[in-house]
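Visitor: What shape does this take:
(one chain, ligands or ions: 1)
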Amino acid sequence: MRLQFLSRFTASPALRRAARAYKNAWKRFYFWPLHALRKARFEKLGLDRRMPLAIAAVNLASDCKCRHTSHYVPLSRETIRELTAGNDRKNVASLFGATAAVIDLDTFANFDAWRVQVSRATSGKYHRSANKARRMGYSAGIVGFNSYHRSVYELTGSKFRRSKGLLVWAALIAPPASLVDTKKPPVPPVCLEHWRYCWGAFKSTEAGEKLVASAILIRTGNVVWIQRFIGHGDALKDGVTKMLIFDIMQWLLARAEPGTQGIRYLLHGSIEEGSTGLFDWKRYLGFKPMLLDSASPS
Ligand SMILES: [Zn+2]
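Guide: Just a heads-up that it's a prediction; the model follows:
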(Lines give C-alpha, C1' and ligand atoms only; values in the text may rest on other atoms or scores of the structure.)
Protein backbone atom coordinates (compact mmCIF):
# COMPACT_ATOMS: atom_id res chain seq x y z
CA MET A 1 0.00 0.00 0.00
CA ARG A 2 2.75 2.30 0.99
CA LEU A 3 4.69 1.69 -2.23
CA GLN A 4 1.59 2.25 -4.27
CA PHE A 5 1.10 5.53 -2.51
CA LEU A 6 4.70 6.55 -3.26
CA SER A 7 4.47 5.62 -6.89
CA ARG A 8 1.30 7.71 -7.21
CA PHE A 9 3.08 10.49 -5.46
CA THR A 10 6.15 10.48 -7.78
CA ALA A 11 3.91 10.08 -10.80
CA SER A 12 2.51 13.51 -10.08
CA PRO A 13 3.59 15.75 -13.00
CA ALA A 14 4.03 18.76 -10.74
CA LEU A 15 6.36 16.87 -8.42
CA ARG A 16 8.31 15.39 -11.33
CA ARG A 17 8.74 18.88 -12.77
CA ALA A 18 9.92 20.18 -9.39
CA ALA A 19 12.38 17.28 -9.02
CA ARG A 20 13.73 17.93 -12.52
CA ALA A 21 14.14 21.66 -11.81
CA TYR A 22 15.94 20.83 -8.56
CA LYS A 23 18.28 18.38 -10.30
CA ASN A 24 19.04 20.81 -13.13
CA ALA A 25 19.69 23.64 -10.67
CA TRP A 26 22.27 21.50 -8.90
CA LYS A 27 23.79 20.38 -12.16
CA ARG A 28 24.05 23.97 -13.34
CA PHE A 29 25.65 25.01 -10.07
CA TYR A 30 28.11 22.13 -10.21
CA PHE A 31 28.96 22.60 -13.90
CA TRP A 32 28.90 26.38 -13.85
CA PRO A 33 32.72 26.83 -14.10
CA LEU A 34 32.82 24.49 -17.10
CA HIS A 35 29.85 26.25 -18.60
CA ALA A 36 31.43 29.70 -18.18
CA LEU A 37 34.68 28.45 -19.71
CA ARG A 38 32.83 26.96 -22.67
CA LYS A 39 30.92 30.17 -23.26
CA ALA A 40 34.11 32.26 -23.27
CA ARG A 41 36.02 29.83 -25.49
CA PHE A 42 33.19 29.41 -27.97
CA GLU A 43 32.99 33.21 -28.23
CA LYS A 44 36.71 33.32 -28.99
CA LEU A 45 36.08 30.85 -31.80
CA GLY A 46 33.29 33.07 -33.12
CA LEU A 47 30.67 30.50 -32.16
CA ASP A 48 27.53 30.60 -30.09
CA ARG A 49 27.19 27.60 -27.82
CA ARG A 50 23.49 27.37 -28.65
CA MET A 51 24.17 27.03 -32.37
CA PRO A 52 24.16 23.58 -33.98
CA LEU A 53 27.65 22.09 -34.16
CA ALA A 54 29.18 20.03 -36.93
CA ILE A 55 28.87 16.30 -36.30
CA ALA A 56 31.81 13.92 -36.63
CA ALA A 57 30.56 10.53 -37.78
CA VAL A 58 33.06 8.38 -35.97
CA ASN A 59 33.59 4.84 -37.20
CA LEU A 60 35.98 2.83 -35.06
CA ALA A 61 36.04 -0.10 -37.53
CA SER A 62 35.45 -2.51 -34.68
CA ASP A 63 34.44 -5.30 -37.07
CA CYS A 64 38.07 -5.53 -38.14
CA LYS A 65 39.56 -8.91 -37.28
CA CYS A 66 43.01 -7.59 -36.36
CA ARG A 67 44.53 -8.29 -32.95
CA HIS A 68 44.53 -4.59 -32.05
CA THR A 69 40.74 -4.28 -32.25
CA SER A 70 40.27 -5.62 -28.74
CA HIS A 71 42.67 -3.00 -27.37
CA TYR A 72 42.39 0.23 -29.35
CA VAL A 73 38.63 0.11 -29.95
CA PRO A 74 37.69 0.02 -26.22
CA LEU A 75 40.40 2.63 -25.49
CA SER A 76 39.08 4.96 -28.16
CA ARG A 77 35.49 4.29 -27.17
CA GLU A 78 36.36 5.28 -23.59
CA THR A 79 37.92 8.54 -24.83
CA ILE A 80 34.86 9.26 -26.95
CA ARG A 81 32.56 8.44 -24.05
CA GLU A 82 34.36 11.02 -21.90
CA LEU A 83 33.83 13.60 -24.62
CA THR A 84 30.17 12.82 -25.11
CA ALA A 85 29.21 12.40 -21.45
CA GLY A 86 26.20 14.52 -20.59
CA ASN A 87 25.54 15.12 -24.24
CA ASP A 88 21.80 14.83 -24.08
CA ARG A 89 21.09 17.23 -26.90
CA LYS A 90 21.53 16.11 -30.45
CA ASN A 91 23.06 19.06 -32.25
CA VAL A 92 24.39 21.62 -29.79
CA ALA A 93 27.19 21.55 -27.24
CA SER A 94 26.37 19.68 -24.07
CA LEU A 95 25.55 21.76 -21.01
CA PHE A 96 27.05 19.29 -18.58
CA GLY A 97 29.97 17.78 -20.43
CA ALA A 98 33.04 18.66 -22.47
CA THR A 99 33.07 19.31 -26.23
CA ALA A 100 35.47 17.39 -28.44
CA ALA A 101 38.21 19.41 -30.18
CA VAL A 102 38.48 18.06 -33.73
CA ILE A 103 40.11 18.82 -37.07
CA ASP A 104 38.13 17.46 -40.02
CA LEU A 105 41.06 16.43 -42.22
CA ASP A 106 38.79 16.16 -45.27
CA THR A 107 38.56 19.96 -45.36
CA PHE A 108 42.25 20.14 -46.31
CA ALA A 109 43.41 18.92 -49.71
CA ASN A 110 47.00 18.78 -48.49
CA PHE A 111 49.38 19.97 -45.78
CA ASP A 112 49.91 23.35 -47.42
CA ALA A 113 46.21 24.18 -47.23
CA TRP A 114 46.30 23.51 -43.48
CA ARG A 115 49.57 25.39 -42.98
CA VAL A 116 48.20 28.47 -44.74
CA GLN A 117 45.21 28.46 -42.40
CA VAL A 118 47.46 28.19 -39.33
CA SER A 119 49.69 30.99 -40.65
CA ARG A 120 46.61 33.16 -41.14
CA ALA A 121 45.45 32.45 -37.58
CA THR A 122 48.85 33.14 -36.03
CA SER A 123 50.15 35.84 -38.41
CA GLY A 124 52.84 33.34 -39.43
CA LYS A 125 54.10 32.94 -35.86
CA TYR A 126 53.73 29.15 -35.64
CA HIS A 127 55.37 28.61 -39.02
CA ARG A 128 58.28 30.82 -38.06
CA SER A 129 58.63 28.99 -34.72
CA ALA A 130 58.73 25.60 -36.47
CA ASN A 131 61.37 26.89 -38.90
CA LYS A 132 63.39 28.36 -36.04
CA ALA A 133 63.50 24.95 -34.35
CA ARG A 134 64.71 23.32 -37.57
CA ARG A 135 67.42 25.97 -37.97
CA MET A 136 68.52 25.31 -34.40
CA GLY A 137 69.13 21.66 -35.20
CA TYR A 138 65.91 20.06 -34.01
CA SER A 139 64.25 17.32 -36.03
CA ALA A 140 61.23 15.05 -35.62
CA GLY A 141 60.26 11.55 -36.66
CA ILE A 142 58.48 8.33 -35.77
CA VAL A 143 60.11 6.32 -33.00
CA GLY A 144 59.52 2.86 -31.54
CA PHE A 145 56.82 2.52 -28.88
CA ASN A 146 58.23 3.17 -25.38
CA SER A 147 61.71 3.31 -26.85
CA TYR A 148 62.49 6.56 -25.01
CA HIS A 149 60.99 5.72 -21.64
CA ARG A 150 63.63 7.48 -19.56
CA SER A 151 63.79 10.58 -21.76
CA VAL A 152 59.99 10.92 -21.71
CA TYR A 153 60.05 10.73 -17.91
CA GLU A 154 62.74 13.40 -17.77
CA LEU A 155 61.01 15.75 -20.16
CA THR A 156 57.72 15.29 -18.31
CA GLY A 157 59.45 16.45 -15.13
CA SER A 158 61.18 19.37 -16.84
CA LYS A 159 58.29 21.67 -15.89
CA PHE A 160 56.39 21.84 -12.64
CA ARG A 161 53.26 23.08 -14.24
CA ARG A 162 51.74 21.74 -17.42
CA SER A 163 48.78 22.98 -19.43
CA LYS A 164 46.50 20.40 -17.82
CA GLY A 165 47.63 21.08 -14.26
CA LEU A 166 50.45 20.02 -12.00
CA LEU A 167 52.73 17.13 -12.82
CA VAL A 168 54.95 17.36 -9.80
CA TRP A 169 55.78 13.68 -9.39
CA ALA A 170 58.15 13.49 -12.33
CA ALA A 171 59.73 16.83 -11.44
CA LEU A 172 60.42 15.73 -7.87
CA ILE A 173 61.33 12.07 -8.18
CA ALA A 174 64.26 10.95 -10.29
CA PRO A 175 63.43 8.26 -12.86
CA PRO A 176 63.93 4.71 -11.56
CA ALA A 177 67.02 2.90 -12.85
CA SER A 178 64.81 0.40 -14.64
CA LEU A 179 63.59 3.10 -17.01
CA VAL A 180 65.87 3.07 -20.02
CA ASP A 181 65.92 4.38 -23.56
CA THR A 182 66.01 1.27 -25.72
CA LYS A 183 65.88 3.42 -28.90
CA LYS A 184 64.12 0.59 -30.66
CA PRO A 185 63.15 1.47 -34.24
CA PRO A 186 59.44 1.77 -35.04
CA VAL A 187 57.58 -1.32 -36.16
CA PRO A 188 55.15 -0.93 -39.09
CA PRO A 189 51.54 -1.37 -37.94
CA VAL A 190 49.92 -4.78 -38.38
CA CYS A 191 46.58 -3.19 -39.24
CA LEU A 192 46.29 -0.01 -41.28
CA GLU A 193 43.12 1.03 -39.44
CA HIS A 194 44.24 0.28 -35.88
CA TRP A 195 47.63 1.51 -34.85
CA ARG A 196 49.63 3.57 -32.43
CA TYR A 197 52.53 5.71 -33.55
CA CYS A 198 55.00 7.43 -31.27
CA TRP A 199 56.64 10.59 -32.47
CA GLY A 200 59.71 12.21 -31.05
CA ALA A 201 61.47 15.55 -31.55
CA PHE A 202 65.21 15.58 -31.04
CA LYS A 203 67.98 18.05 -30.55
CA SER A 204 71.27 17.12 -32.14
CA THR A 205 74.17 17.68 -29.78
CA GLU A 206 77.80 16.60 -29.81
CA ALA A 207 76.88 13.83 -27.38
CA GLY A 208 74.18 12.54 -29.70
CA GLU A 209 70.46 13.09 -30.07
CA LYS A 210 68.35 14.18 -27.12
CA LEU A 211 64.60 13.71 -27.00
CA VAL A 212 62.90 17.07 -26.38
CA ALA A 213 59.25 16.39 -27.27
CA SER A 214 57.05 13.34 -27.52
CA ALA A 215 53.65 12.56 -28.99
CA ILE A 216 51.50 9.45 -29.22
CA LEU A 217 48.82 9.08 -31.87
CA ILE A 218 46.23 6.30 -31.88
CA ARG A 219 44.21 5.46 -34.96
CA THR A 220 40.92 3.61 -34.66
CA GLY A 221 38.99 3.49 -37.92
CA ASN A 222 38.46 6.99 -39.29
CA VAL A 223 39.71 8.76 -36.13
CA VAL A 224 43.20 9.55 -34.93
CA TRP A 225 43.44 10.91 -31.42
CA ILE A 226 46.35 12.47 -29.62
CA GLN A 227 47.06 10.45 -26.51
CA ARG A 228 50.12 12.42 -25.50
CA PHE A 229 51.77 15.63 -26.63
CA ILE A 230 54.50 17.01 -24.41
CA GLY A 231 57.63 19.07 -24.80
CA HIS A 232 60.72 19.66 -22.67
CA GLY A 233 60.42 22.89 -20.66
CA ASP A 234 63.75 24.21 -21.90
CA ALA A 235 63.00 23.56 -25.57
CA LEU A 236 59.49 25.05 -25.74
CA LYS A 237 60.77 28.56 -26.49
CA ASP A 238 62.71 27.17 -29.47
CA GLY A 239 59.48 26.11 -31.17
CA VAL A 240 59.90 22.32 -30.92
CA THR A 241 56.23 21.61 -30.26
CA LYS A 242 55.26 23.66 -33.31
CA MET A 243 57.81 21.80 -35.42
CA LEU A 244 56.54 18.46 -34.11
CA ILE A 245 52.87 19.16 -34.81
CA PHE A 246 53.74 20.56 -38.26
CA ASP A 247 55.64 17.35 -39.10
CA ILE A 248 52.79 15.18 -37.80
CA MET A 249 50.24 17.14 -39.84
CA GLN A 250 52.44 16.92 -42.93
CA TRP A 251 52.59 13.15 -42.49
CA LEU A 252 48.82 12.85 -41.93
CA LEU A 253 47.76 15.20 -44.73
CA ALA A 254 50.23 13.80 -47.29
CA ARG A 255 48.15 10.58 -47.00
CA ALA A 256 51.09 8.90 -48.70
CA GLU A 257 51.43 5.94 -46.36
CA PRO A 258 48.58 3.40 -46.46
CA GLY A 259 48.15 3.78 -42.68
CA THR A 260 47.36 7.48 -43.05
CA GLN A 261 44.69 6.98 -45.71
CA GLY A 262 41.00 7.12 -44.85
CA ILE A 263 41.47 9.15 -41.67
CA ARG A 264 38.73 11.73 -41.40
CA TYR A 265 39.11 13.22 -37.90
CA LEU A 266 42.01 14.29 -35.70
CA LEU A 267 40.82 14.46 -32.10
CA HIS A 268 42.71 16.37 -29.40
CA GLY A 269 40.83 16.23 -26.11
CA SER A 270 38.22 18.87 -25.43
CA ILE A 271 37.73 22.59 -25.98
CA GLU A 272 37.16 23.15 -22.27
CA GLU A 273 40.15 21.26 -20.80
CA GLY A 274 43.41 22.78 -19.67
CA SER A 275 44.82 26.27 -19.56
CA THR A 276 44.09 29.16 -21.92
CA GLY A 277 47.45 28.41 -23.50
CA LEU A 278 46.32 24.89 -24.42
CA PHE A 279 43.03 26.20 -25.79
CA ASP A 280 44.82 28.83 -27.89
CA TRP A 281 47.17 26.17 -29.20
CA LYS A 282 44.20 24.10 -30.38
CA ARG A 283 42.39 27.16 -31.75
CA TYR A 284 45.40 28.27 -33.79
CA LEU A 285 45.94 24.76 -35.15
CA GLY A 286 42.33 24.65 -36.37
CA PHE A 287 40.74 22.33 -33.79
CA LYS A 288 37.02 23.05 -33.62
CA PRO A 289 34.24 21.92 -31.31
CA MET A 290 32.39 19.00 -32.87
CA LEU A 291 29.84 16.50 -31.67
CA LEU A 292 31.09 12.94 -31.84
CA ASP A 293 28.54 10.52 -33.20
CA SER A 294 29.65 6.95 -32.81
CA ALA A 295 26.12 5.63 -33.16
CA SER A 296 26.94 4.73 -36.73
CA PRO A 297 28.34 1.19 -37.01
CA SER A 298 31.63 1.24 -35.19
ZN1 LIG B 1 42.30 -3.56 -37.45
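
Visitor: Pull up the distance across stretch 78-92, start to finish.
Guide: 21 Å (CA to CA, to the nearest Å).

Visitor: Phi and psi next, for the closest residue to the ion within the stretch 151-298 of the chain.
Guide: Residue of the stretch 151-298 of the chain nearest the ion, by CB to the ion: Cys191 (3.2 Å). The C-beta positions use only the backbone N, C-alpha and C, and glycine is treated the same way. With angles defined as degrees, to the nearest 10, Cys191 sits at phi -120, psi 130.

Visitor: what's the answer for Ser76, then?
Guide: Torsion angles, degrees, to the nearest 10, at Ser76: phi -70, psi -40.

Visitor: show me the contacts for the spatially closest residue to it that is not a sequence neighbour.
Guide: Once flanking residues are discounted, Ser76 sits nearest to Thr220: 3.9 Å by CB to CB, 6 or more residues apart in numbering. With contacts defined as CB atoms under 8 Å, 6 or more residues apart in numbering, the neighbours of Thr220 are Leu60, Ala61, Tyr72, Val73, Leu75, Ser76, Glu193, His194.

Visitor: is it true that the residue of the stretch 151-298 of the chain closest to the ion touches Ser70?
Guide: No - at 11.7 Å, Cys191 does not count as touching Ser70 under the criterion of CB atoms under 8 Å.

Visitor: Compare these two (neighbour count), which wins?
Guide: More neighbours surround Cys191 than the other of Cys191 and Ser70, with 16 against 11 (other CB atoms under 10 Å).

Visitor: Spit out the contact partners of that one.
Guide: Cys64, Cys66, Arg67, His68, Thr69.

Visitor: Give me the most central residue, this structure.
Guide: His268 (1.8 Å; CA atoms, centre = their mean).

Visitor: just so I have it, where are all the helices in the stretch 51-200 of the chain?
Guide: 69-84, 111-122, 125-135, 149-156, 168-172 (DSSP state H, counting those that start in this stretch).

Visitor: Which of these has the lowest mean pLDDT?
Guide: Among the helices of the stretch 51-200 of the chain, helix 168-172 carries the lowest mean pLDDT, a mean of 72.
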